[in-house]
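**Student:** let's see this in three dimensions:
(one chain, ligands or ions: 1)
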Amino acid sequence: MKKLLLTVLCCSALSPALAADPIAARQQVFEQYKKTVGAMGKMVKGDTQFSQQEFAKLAAHLDELAQQPWQYFTPGSTKGKTDAKPEIWSRPAEFKAAIDKHKAEVAKLKATAASAQSVSDVKAQFGATQQTCKACHDQFRAD
Ligand code: HEC
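**Tutor:** All right, here's what the predicted structure looks like:
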């Protein structure tokens, strides 16, 4: 019995959903979001030259990132340095809907970027993707 308990403890501790500091873990992913979306935004605005290859790489990276932060919104990870609103836990269906919408738009952006000929081909979908960041922040992030 003791052995079994140890096994359970050992292996659940490895699960990313039980990261030692879920708040820091999700914020770290969001910091990568910021970097990735920032670089894409510069190309879309024309601050840096548009490279289809580079933009498609960033979009693929964003698609990977979009799978990650949500597992770190674990029950009880509401205390400390976090801007997560309690609505994340009191309105789980709405939070999930915001995540699903976001993932869908990011996936579309990845597909659009992969076959883009010019910056004008990605502009609208980049905007739609950013809109899903804002929509979730408005509802579920403080300030
Ligand atoms: C489904 C909801 C949701 C979506 C979609 C979302 N975010 Fe967030 N984001 C949050 C929440 C909640 C926090 C606050 C996390 C915390 O402080 O614990 C946050 C925090 C952040 C932070 C601050 C991280 C820090 O260091 O404190 C940045 C930057 C950020 N998001 C960028 C983005 C970008 C860019 C996108 C879109 C590409 C995006 N987010 C999409 C919910 C979302």
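**Student:** is residue 75 part of a helix or strand, or is it coil?
**Tutor:** coil (DSSP: H, G, I helix; E, B strand; the rest coil).
**Student:** my guess is it contacts residue 88. True?
**Tutor:** No. Contact criterion C-beta atoms under 8 Å: residue 75 and residue 88 do not qualify, at 10.1 Å. All C-beta atoms are positioned from the backbone trio N, CA, C, and that covers glycine.
**Student:** the two: which is more packed in?
**Tutor:** Each of residue 75 and residue 88 has its neighbours counted (other C-beta atoms under 10 Å); residue 88 has more, 21 against 7.
**Student:** helix/strand/coil for that one?
**Tutor:** Taken by three-state DSSP, the conformation at residue 88 corresponds to helix.
**Student:** where does residue 78 sit: helix, strand or coil?
**Tutor:** coil.
**Student:** OK, contacts around it?
**Tutor:** 84, 86, 89 (C-beta atoms under 8 Å, 6 or more residues apart in numbering).
**Student:** so how far is residue 56 from the last one?
**Tutor:** In other words, residue 89. Per C-beta to C-beta, to the nearest Å, residue 89 is found 36 Å from residue 56.
**Student:** re the thing from before, list just the nearest of the contacts of residue 78 to residue 44.
**Tutor:** For the contacts of residue 78, the residue nearest residue 44 by C-beta to C-beta is residue 84; the value is 28.4 Å.
**Student:** what's that closest one sitting at in phi/psi?
**Tutor:** phi -70, psi 130 (degrees, to the nearest 10).
**Student:** just checking, it touches residue 77?
**Tutor:** Yes. Here residue 84 lies in contact with residue 77, judged by C-beta under 8 Å, at a distance of 7.4 Å.
**Student:** okay, and the common contacts of these two?
**Tutor:** residue 23.
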